[in-house]
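Trainee: Take a look and give me a structure for this.
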Amino acid sequence: MVGGGPSGLLFSTLAAREGLRVTVLDKWDPPNFRKPCGGMLTLRAIKRFKIRTEGDARGINKIRVNTPVGVFEKSFRRAICINMDRRDLIRQLAERAESEGVRIVTRSYVRAVRIKNQNIKVYTKNDALEAVLLVGADGVNSVVRRQIFKQKLLADRLGFCVQYLIEADERKVNSLFNDTNFFFYGRQYSPYGYAYIFPRKNTVAVGVGALFSKIDRRLTEYLNRFISKNKSMRELLENSRSVKLEGYYVPLCGFLENIVANSCVLIGDAAGTVSPITGEGLYYSMTSAEIAFQAVKAAFENEDTSISFLKEHYVKPLNNVIGSDLTWGFRLMKLFKTGFSLGETLSKTAVSVGDEVVNIIAGVKPYIHCILAALPQVVRTLGVSTIRRLFGRVDSQM
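Mentor: A predicted model of the protein is given here:
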């Protein structure tokens with residue numbers, strides 16, 4: 001296993017539980033420790049993967065979406081997501097993996113991977129390992145993907161995000177943000193993306209994300225301007241204990257066409273399992289790990305780790321479970337990339353459409369259900385010909 005993030009650790013835990021010998025290689029100590037993340041974990045991920053909420057975690061029961069023409073809010077009777085420190089999540093998953101016998105090797109930077117006649121060799125700075133199956137869970141800049149699959153992500157299918165982690169007193173965070181996640185859409189906040197405020201217990205993540213090919217100047221300029229014009233953020237900074245700046249890339253391509261080879265699979269960010277329209281990755285990445293494990297288990301039972309077997313038992317089920325969300329997320333991202341921004345869309349439609357946008361952000365239900373619920377109002381407002389023209393432009397780019 002190359003990569004010790006959430007998907008890699010989950011896969012390893014499931015595999016070790018079935019008696020497989022698993023070695024996880026990660027360049028950081030603890031694993032995946034320096035990977036920045038906004039930290040919003042949806043309820044469906046928490047339930048499906050039995051995530052404990054601990055440390056700096058905060059339950060969120062309201063989503064507020066700010067657009068150039070108004071604000072869309074939705075409150076839930078219970079926490080719909082959890083904002084948590086990614087490091088707490090990694091610790092939790094690493095403990096589970098090690099309790100099942102997984103060997104985690106940190107400070108192990110993978111330089112090269114080779115597969116020849118089903119013989120796998122993985123080369124680190126100080127060692128060379130052999131394996132019968134290779135899993136690439138090494139993120140957006142995956143070494144496994146680049147060397148085995150010869151795939152690189154293009155700028156128009158890649159996102160970039162910068163964020164500040166601002167530590168403050170819990171009472172101050174409560175008074176300013178309570179249990180609400182804030183999203184800000186509009187060109188003043190981000191070029192083809194959004195700004196966000198995700199409060200935790202004693203920390204607030206505030207950031208700006210954008211489609212990489214559309215970034216026209218440093219995102220920190222957008223972020224600093226956003227903070228300077230937001231009264232709550234200014235007050236938080238005045239009372240902060242520490243401020244840390246982070247930056248990270250996000251795949252916004254939907255899962256990639258080629259994610260299996262003979263005796264090799266890609267999962268998580270390496271496979272592109274991130275929502276192109278919201279940037280949510282944890283649920284989709286961990287789902288890909290779960291499905292990949294079932295495929296690998298079947299492959300060993302049938303003594304067949306060929307590309308055709310792995311396609312049938314991994315790619316098809318993965319597409320059935322999360323393919324619709326990622327495909328529609330990619331189509332929506334392409335739609336907004338044509339110049340028809342989300343803020344402009346909402347400005348021309350009813351609040352009911354904004355309600356479905358909140359449902360997509362919160363992961364309440366499948367994207368297609370949200371789209372179908374909003375479609376009648378969108379069609380009435382924009383007209384069938386406009387919808388056809390816009391999606392015709394999208395399909396020509398896919």
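Trainee: ok, the closest residue to residue 293 other than its chain neighbours to residue 232 distance?
Mentor: Nearest residue to residue 293 in three dimensions, chain neighbours excluded: residue 14, at 4.3 Å (Cβ to Cβ, 6 or more residues apart in numbering). Just so you know, the C-beta spots here come from the backbone N, C-alpha and C atoms, and that holds for glycine as well. From residue 14 across to residue 232, the span is 42 Å (Cβ to Cβ, to the nearest Å).
Trainee: more crowded one of these two?
Mentor: Legend: neighbour count by other Cβ atoms under 10 Å for residue 14 and residue 232, higher for residue 14 (21 against 16).
Trainee: you'd agree that one is in a helix?
Mentor: Yes. If the criterion is DSSP: H, G, I helix; E, B strand; the rest coil, then residue 14 is within a helix.
Trainee: Can you name every helix or strand that the helix or strand hosting residue 208 contacts?
Mentor: According to DSSP states H and E, residue 208 maps onto strand 203-211. Using 3 or more Cβ pairs under 8 Å, 6 or more residues apart in numbering; DSSP states H and E as the contact test, the elements touching strand 203-211 are strand 158-168, helix 170-177, strand 193-199, helix 219-229.
Trainee: Could you save those as CSV and add columns showing mean pLDDT?
Mentor: Compiled in CSV, these are given as follows (pLDDT from 0 to 100):
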stretch, mean pLDDT
strand 158-168, 95
helix 170-177, 96
strand 193-199, 94
helix 219-229, 96
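Trainee: just these: most buried one?
Mentor: strand 193-199 (a mean of 26; mean count of other Cβ atoms under 10 Å).
Trainee: C-alpha coordinates for it, CSV please?
Mentor: C-alpha atoms of strand 193-199 as CSV (Å, rounded to 0.1, in the frame of the first residue of the first chain):
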residue,chain,number,x,y,z
GLY,A,193,-14.6,27.9,-6.7
TYR,A,194,-15.8,29.1,-3.3
ALA,A,195,-14.6,30.4,0.0
TYR,A,196,-15.5,28.6,3.2
ILE,A,197,-15.5,28.8,7.0
PHE,A,198,-15.5,25.5,8.9
PRO,A,199,-15.5,26.0,12.7
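Trainee: Contacts for that strand, please.
Mentor: Residues outside strand 193-199 that contact it (Cβ atoms under 8 Å, 6 or more residues apart in numbering) are 38-40, 58, 60, 83, 159, 161, 173, 176-185, 189, 204-211, 214, 222-223, 226, 230, 232-233, 342.
Trainee: What's the PyMOL line that selects buried ones from these?
Mentor: In PyMOL, selecting the buried portion of these, with burial taken from 16 or more other Cβ atoms under 10 Å, looks like this:
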select buried, resi 38+39+40+58+60+83+159+161+173+176+177+179+180+181+182+183+184+185+189+204+205+206+207+208+209+210+211+222+223+226+230+232+233+342
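Trainee: Residue 115 sits in which helix or strand?
Mentor: Under the criterion of DSSP H and E, residue 115 resides in strand 110-116.
Trainee: Paired strands for whichever helix or strand comes after that strand, with orientation please.
Mentor: The helix or strand immediately downstream of strand 110-116 is strand 119-124, counting by DSSP H and E. Here strand 119-124 is paired, per DSSP bridges, with strand 110-116 (antiparallel), strand 128-131 (antiparallel).
Trainee: average pLDDT for the longest one?
Mentor: Right, strand 110-116. For strand 110-116, the per-residue pLDDT values average out at 93.
Trainee: how far out from the middle of the chain is that strand?
Mentor: Chain-centre distance of strand 110-116: 26 Å, with Cα atoms, centre = their mean, to the nearest Å.
Trainee: Let's see it as PDB, backbone CA atoms only.
Mentor: Backbone C-alpha positions of strand 110-116 (Å, rounded to 0.1, in the frame of the first residue of the first chain) are rendered in PDB as follows:
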ATOM      1  CA  VAL A 110       8.500   5.800  -2.700                       C
ATOM      2  CA  ARG A 111      10.700   6.700  -5.600                       C
ATOM      3  CA  ALA A 112       9.700   4.100  -8.200                       C
ATOM      4  CA  VAL A 113       7.300   1.200  -8.700                       C
ATOM      5  CA  ARG A 114       7.700  -1.600 -11.300                       C
ATOM      6  CA  ILE A 115       5.300  -4.300 -12.400                       C
ATOM      7  CA  LYS A 116       6.600  -7.000 -14.800                       C
END
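Trainee: So, low pLDDT: which residues of the stretch 201-350 of the chain?
Mentor: 334-350 (pLDDT under 70).
Trainee: the helices in it, which residues?
Mentor: 219-229, 231-238, 282-301, 307-310, 316-318, 324-337, 342-347 (DSSP state H, counting those that start in this stretch).
Trainee: among those, which is nearest residue 92?
Mentor: In terms of Cβ to Cβ, the element of these nearest to residue 92 is helix 282-301, at 12.3 Å.
Trainee: List the contacts of the spatially most central residue of the chain.
Mentor: Closest to where the C-alpha atoms of the chain average out (Cα atoms, centre = their mean) is residue 281, at 1.7 Å. Applying Cβ under 8 Å, 6+ apart to residue 281 gives the contacts 250, 268, 269, 273, 274, 275.
Trainee: Identify the farthest-apart pair in these.
Mentor: Pairwise distances across the contacts of residue 281 (Cβ to Cβ) peak at 13.2 Å, for the pair 268 and 275.
Trainee: quick one: which of these two has more around it?
Mentor: residue 268 (33 against 25).
Trainee: Look up the closest residue to the more buried one, ignoring the ones flanking it.
Mentor: residue 7 (3.2 Å).
Trainee: what does residue 77 give?
Mentor: Distance criterion Cβ to Cβ, 6+ apart; nearest residue to residue 77, sequence neighbours excluded, is residue 61 at 7.5 Å.
Trainee: Lovely, talk soon.
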